[in-house]
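Colleague: A structural model of the following input is requested.
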Amino acid sequence: MQVEITAGGKALQTTAGMNLYRVLAEAGLLDAPCGGLGRCGKCRVRVIVNPPAPLPHETELLSAPDLAAGWRLACLHRVEAGLYIELPLHGSAAVVHTFLGDIDTFTPDAAQGYGLAVDIGTTTLAACLVDLRNGAQLAGSSCLNSQKSFGQDVVSRIYHAQNTSGGTLELQAAVVEDLKAMLTEACATTGLNPGQIAMASVAANPTMIHLLAGVNPAPLAHAPYTLVCRGPLHLPARALELPMADKAVVYCLPAVAANLGGDVVGGMLAAGMDKQGPTRMFIDFGTNGEIVLSQGDKLYSCSMAMGPALEGMNIKCGMRAAAGAIDDVSIEGETISYTTIGGGAPRGLAGSGLLAAVSALRSAGLLDASGRLQPIKPVCERQTQRCLVIDEMEDIILTQGDIRQVQLAKGAIRSGVETLLARTGCVPESVEEVLVAGGFGAHLSEQSLIETGLLPRQFAGKIRYLGNAALAGARLCLLSSAMRQRAERLAGEITYIELAMGSDYQQRFMTAMSFD
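Modeller: Just a heads-up that it's a prediction; the model follows:
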């Protein structure tokens with residue numbers, strides 16, 4: 001039986017019995033951090049006519065007024081009859097900061113035709129169309145990763161690939177469609193024919209590369225955490241059904257380990273981290289954080305699960321860094337001020353705003369070292385939980401639970417920094433430069449990073465933002481065979497340190513969760 005759903009101004013046809021979240025996600029109307037597994041409570045929809053009775057799990061994740069108004073979690077319900085649904089404000093593509101200045105001078109191969117450099121992030125894809133003759137950037141494009149409907153993090157996507165028949169191919173198809181869309185957009189902007197695209201160069205984490213290649217990434221998720229796709233990949237564009245030149249190849253930068261991929265290698269390449277110089281630390285903030293320490297002629301690296309809190313996920317009013325996201329918060333007495341990306345009305349709290357709010361609470365003496373909100377205005381009580389009301393009219397709040405998520409992310413990255421320094425015999429004072437990479441990292445102010453304790457105070461005044469260094473590295477590899485060889489050599493020279501192998505990391509993690 002065919003059933004019609006009206007949502008977001010669209011009429012969707014589906015088969016009775018289909019999961020509501022899956023129908024909406026595949027139409028590009030909804031996504032959730034957990035991929036529809038009923039954990040995060042982010043797939044809220046309002047069933048306007050005859051809402052189904054709320055399920056026990058919904059009473060835990062949604063307020064009584066919301067339930068009474070017909071709000072439900074789409075992932076917990078199947079489509080049994082026609083529905084008319086209201087969706088929450090649907091986020092636009094995340095703001096992407098691209099770092100395209102070549103830190104390292106090089107000589108392009110002067111090949112004929114055009115190429116596409118791509119950064120496949122877990123959340124966002126970014127690409128630039130390049131003239132292979134001279135290296136000029138002709139167009140840029142970005143989009144949200146369509147795999148998000150299967151989960152916001154790599155663990156959720158690996159779970160889908162491993163436990164769903166055809167799951168790996170579903171995830172591959174999703175990212176290939178994103179690549180097609182960006183390629184088509186870039187060509188439309190420049191008037192080029194996709195058949196003129198002779199090569200693509202991709203920087204991505206190991207899970208994204210495995211899925212792009214159509215390889216089940218399950219071995220990445222459990223001990224001994226092995227890479228199936230080792231070294232650089234050369235994938236025929238035709239095999240991926242990408243509309244490029246007949247013999248076009250998609251080159252994927254090599255990974256270092258199961259949790260350290262070609263995106264980090266590309267960023268390090270762009271930053272010249274393989275050249276001897278001062279002691280430097282390269283940090284890529286994200287759901288999975290990566291750190292590389294350059295010390296003399298040695299490179300040491302580690303990675304840690306930070307969780308998606310700093311990207312606005314698993315936060316009561318969290319959202320990505322998109323238009324309307326609060327990106328800065330200050331507190332003066334009982335007055336709370338904020339700014340939003342784009343300067344418009346607030347829609348939620350971005351990761352930068354989240355850190356700024358926590359930093360402001362600490363500075364105002366409203367948050368103790370353990371992370372507990374103090375019962376002093378403007379902190380108030382809501383549903384037996386203390387919170388900071390950032391915008392009363394839009395009901396944007398920061399809860400005690402949100403602060404706990406920040407503490408988990410803080411504990412992960414700070415203990416990672418300290419453990420890597422300790423195991424390499426280095427001290428924070430000896431680090432002369434801290435390179436913060438990633439479009440997301442570009443939103444995090446030095447003050448917030450230092451005041452919240454994500455990074456040691458000894459790093460103050462040493463932080464430099466690279467933006468999307470992974471995309472810059474992919475572009476270098478697109479233009480130069482020498483750069484591809486250098487990236488491959490770089491990946492082989494990095495010593496990866498497994499943090500979980502030592503008790504020192506766990507102890508540092510617990511200590512680092514404090515806001516001392």
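Colleague: Can you give me the neighbour number for Ala111?
Modeller: Residues near Ala111, counting by other Cβ atoms under 10 Å, number 16. In this view, the C-beta of every residue, glycine as well, is placed from N, C-alpha and C.
Colleague: Next: Ala472.
Modeller: Neighbours of Ala472 using other Cβ under 10 Å come to 28.
Colleague: Am I right that it is in a helix?
Modeller: Yes - under DSSP: H, G, I helix; E, B strand; the rest coil, Ala472 falls within a helix.
Colleague: Do you know the pLDDT at it?
Modeller: Here the pLDDT value assigned to Ala472 is 90.
Colleague: looking at it, it is touching Met268, isn't it?
Modeller: No - contact between Ala472 and Met268 fails when scored by Cβ atoms under 8 Å: they sit 10.6 Å apart.
Colleague: Please give the number of neighbouring residues around the nearest residue to Gly492 once chain neighbours are set aside.
Modeller: In space, and not counting its chain neighbours, Gly492 is closest to Pro254: 8.0 Å by Cβ to Cβ, 6 or more residues apart in numbering. Residues near Pro254, counting by other Cβ under 10 Å, number 23.
Colleague: need the contact list for Pro254.
Modeller: By Cβ atoms under 8 Å, 6 or more residues apart in numbering, the contact list for Pro254 reads 230-232, 262, 265, 487-488, 491-492.
Colleague: try 7 Å
Modeller: By Cβ atoms under 7 Å, 6 or more residues apart in numbering, the residues touching Pro254 are 231-232, 262, 265, 487-488, 491.
Colleague: next one: Arg72
Modeller: 45, 47, 51-52, 54, 58.
Colleague: Quick one: the contacts of Pro254 as CSV, columns for pLDDT and neighbour count too.
Modeller: Formatted as CSV, those follow (pLDDT from 0 to 100; neighbours: other Cβ atoms under 10 Å):
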residue, pLDDT, neighbour count
Gly231, 88, 13
Pro232, 96, 20
Gly262, 96, 33
Val265, 96, 31
Ala487, 95, 28
Glu488, 96, 16
Ala491, 95, 26
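Colleague: so of those residues, which ones are in strands?
Modeller: In this view, these have no member that belongs to strands under DSSP state E.
Colleague: what helices or strands is the host helix or strand of Met199 leaning on?
Modeller: Element membership of Met199, judged by DSSP states H and E, is strand 197-204. Secondary structure elements in contact with strand 197-204, counted by 3 or more Cβ pairs under 7 Å, 6 or more residues apart in numbering; DSSP states H and E, are strand 114-120, strand 249-252, helix 262-271, helix 469-479.
Colleague: Please name every helix or strand in contact with the second one.
Modeller: With contacts defined as 3+ Cβ pairs under 7 Å, 6+ apart, the secondary structure elements packing on strand 249-252 are strand 197-204, strand 233-236.
Colleague: likewise the third one?
Modeller: Helices and strands touching helix 262-271, by 3+ Cβ pairs under 7 Å, 6+ apart, are strand 197-204, strand 280-284, strand 288-295, helix 469-479, helix 481-493.
Colleague: For this structure, which segments count as helices?
Modeller: 20-26, 56-61, 64-68, 154-163, 167-190, 206-212, 262-271, 351-363, 400-423, 446-451, 469-479, 481-493, 503-512 (DSSP state H).
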